[in-house]
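Engineer: Sequence and predicted model, in that order:
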Amino acid sequence: MLKGKKVIVFGERDDISGETAGRCLQAAGAEIIYESTACFV
Amino acid sequence: MKNDLTRFPVIKNCAYCLSHVPDLVPYGSKPYREIAHNAAIEAEINAYLRSFEEAVCYPPNQTFIGNYSPDDLAAMPRPWFGKSINSDQASAIKKGKFGEILDQETFLAILKLADVLSPPLFLTDKATLQKLHKCLVDHPLLNDLARKLSELPAGLEGQLTEKISPLALPLRVGKDIYGTFSGDLRSEGRDDENLVARYLLENLCVKASGSLAVKWLLHREGIGPEQIDFLISCGEEACGDRYQRGGGGMAKSIGEMCGCINASGMDIKNFCAAPASALVTASALVQAGVFKQIVVVGGGSLAKLGMKFQAFLDHKMQILDDSLASMAFLVTQDDGVSPIIRLEDGAIGKVPIGASTSDESVFRHYLLKPLETLGLQCTDVDKYALELQNPEIMEFAGSGDVAKKNYRKIAAMAVMAKQLDKKDMNSWIDQVGMPGFAPTQGHIPSAVPYIGHAMEDMRRGKIHRAMFLSRASLFLNRCTNLLDGVSFILERNPNLK
């Protein structure tokens, strides 16, 4: 679905982490060019 | 020995305090940075600060100091802020079962007392020093400190003005100037970015607020400070100078201020999970017989004051993250009454370095694994405490209800482990969960605010077992992309019938 697409991933520690979102996007064919997880607490 | 639960250490007592310091909000990290960009923001912040009475009567604050239970809070309709209050009511409830909500003037008195440098960092004049002295004299738990304060130099001979040094921070109570706080101006402090006013103020706010919690802990336990063997501080500050930034020494600083003359101490760092790590370490030291009475103390975070101020201003509402929170716990050998902390092999939850940082992996390691080790299921735990940030502070900033989100994750893990039916998730969350009630003070809200309430509920037989799960954003150190999770289980003392 995302083959050939480059994606930037922003995650949140107490929600969906960058790693989790990134793995889903990778599985859909995307290339992760930046991934970060923020902490808002 | 396997099932002999009487051999475990206990959390014998606890204390929780809030120091309402609205005029320190501009020195929180976010406000300070925004004011540096646009000085007009400071006036906007000042226009939306709460009164002491409003902070005292705020239901989450009342829950933090133990006057309301989490169940009481859950039953109160939102919003919790903006209710009409009166000063008589506030006066009656500023002290709670676990501690108190301290006013700003009295906090400045203990802040002054926390300053041991000569010349002082906190400069004031003699008249103001007398005013601060009176605050301590009038406070039943702090009046033993009043004499020490009167022996301190005010620092200023002339008239107090906030323009003493361009690098000093004015300390105010409302519109009244109470002094200024400078960096280390001695030759050994020169050109050291770690010893500027704001960082030293941050450190002394931890010392002062942590000392308040320890004073309350000793008062509640009815023991003298000389009976403490060891202190562990779990605050988020980074004391030290250019050669050892973050070196520590906070535990003994607090112990010194509280008169714990026979104690030694150390600091434990693990971001928000430091209190959980400190309690586990304290329990292990007691279990091993190294020390008998250990205080775990966490002082408040100046950096996190006003962290969500922009959202409050956008909504034209009062700034709710206006208080330094602090807490202290007494860990001892089993007294036959207090809740035990389970210390069997595998009972303490951890997230190994080799584990994925995905939510499922983290919860598998620090939720499911320790329970499995003890032969328990998720549904064998009566209450879970996770990140207990007050949702009213988080939601306006767009971060949602952190506590509720984490309870859904626990319930989902229980369903995936086939320990809970999916259709029962919501009712189970209502049963084992609670609303967040702690201010956004990093390490303070991380599960441990429930310990006091858990102790009450266990003593009354309302619950038998509670699990505490803390997370730490290790990636904030820029040295790793890891996060951490620490969990432990408290149980009603098996000697209680």
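Structural biologist: That came through fine. Numbering: from 1, shown residues only, chains lettered A, B, ... in the order given.
Engineer: now the residue of chain A found nearest chain B, nearest residue through space, not along the chain?
Structural biologist: Of all residues in chain A, the one sitting closest to chain B is residue A:39 (3.8 Å; C-beta to the nearest C-beta). (Each C-beta comes from the backbone N, C-alpha and C, glycine too.) Nearest-residue entry for residue A:39: residue B:473, 3.8 Å, with adjacent residues in sequence omitted and distances by C-beta to C-beta, 6 or more residues apart in numbering or on different chains.
Engineer: now residue B:218
Structural biologist: That would be residue B:225: by C-beta to C-beta, 6+ apart, it lies 5.8 Å from residue B:218.
Engineer: got the residue ranges for the helices in chain A?
Structural biologist: A:18-27 (DSSP state H).
Engineer: Tell me which residues touch whichever residue of chain B sits closest to chain A, please.
Structural biologist: Going by C-beta to the nearest C-beta, chain A is nearest to residue B:473 of chain B, at 3.8 Å. Residue B:473 is in contact with A:13, A:37, A:39, B:271, B:272, B:483, counting by C-beta atoms under 8 Å, 6 or more residues apart in numbering or on different chains.
Engineer: Helix, strand, or coil at the fifth one?
Structural biologist: In the three-state summary, residue B:272 is assigned as helix, counting by DSSP: H, G, I helix; E, B strand; the rest coil.
Engineer: Identify the residues contacting it.
Structural biologist: Counted by C-beta under 8 Å, 6+ apart, residue B:272 has contacts A:41, B:236, B:387, B:442, B:443, B:445, B:446, B:470, B:471, B:472, B:473.
Engineer: Please list all residues in contact with the residue nearest to residue B:218.
Structural biologist: B:214, B:218, B:255, B:258, B:259, B:260, B:261, B:263.
Engineer: Now do the same contact list for residue B:294.
Structural biologist: Taking C-beta under 8 Å, 6+ apart as the test, what residue B:294 contacts is B:228, B:229, B:230, B:231, B:232, B:282, B:285, B:286, B:330, B:331, B:332.
Engineer: Check the gap between the residue nearest to residue A:39 and residue B:414 for me.
Structural biologist: Per C-beta to C-beta, to the nearest Å, residue B:473 is found 25 Å from residue B:414.
Engineer: Show me what from chain A comes close to chain B.
Structural biologist: Residues of chain A lying near chain B by C-beta under 8 Å from any C-beta of the partner chain: A:12-17, A:19-20, A:23, A:37, A:39-41.
Engineer: ok, 10 Å please
Structural biologist: By C-beta under 10 Å from any C-beta of the partner chain, the residues of chain A that approach chain B are A:11-23, A:35-41.
Engineer: and these, which are buried?
Structural biologist: A:11-23, A:35, A:37-41 (16 or more other C-beta atoms under 10 Å in any protein chain shown).
Engineer: Looking at residue A:37 now. What's its pLDDT?
Structural biologist: For residue A:37, the pLDDT comes out at 89.
Engineer: Same check on residue B:162?
Structural biologist: 63.
Engineer: Same check on the one 3 residues further on?
Structural biologist: According to the model's per-residue confidence, residue B:165 sits at a pLDDT of 74.
Engineer: would it count as being in a helix?
Structural biologist: No - assessed with three-state DSSP, residue B:165 is coil; it does not lie in a helix.
Engineer: Could you pull up the contacting residues of it?
Structural biologist: Residue B:165 makes contacts with B:123, B:180, B:181, B:182, B:183, B:185, B:197, as judged by C-beta atoms under 10 Å, 6 or more residues apart in numbering or on different chains.
Engineer: Of those residues, which is the most crowded?
Structural biologist: residue B:181 (26 neighbours; other C-beta atoms under 10 Å in any protein chain shown).
Engineer: Perfect, I'm done here.
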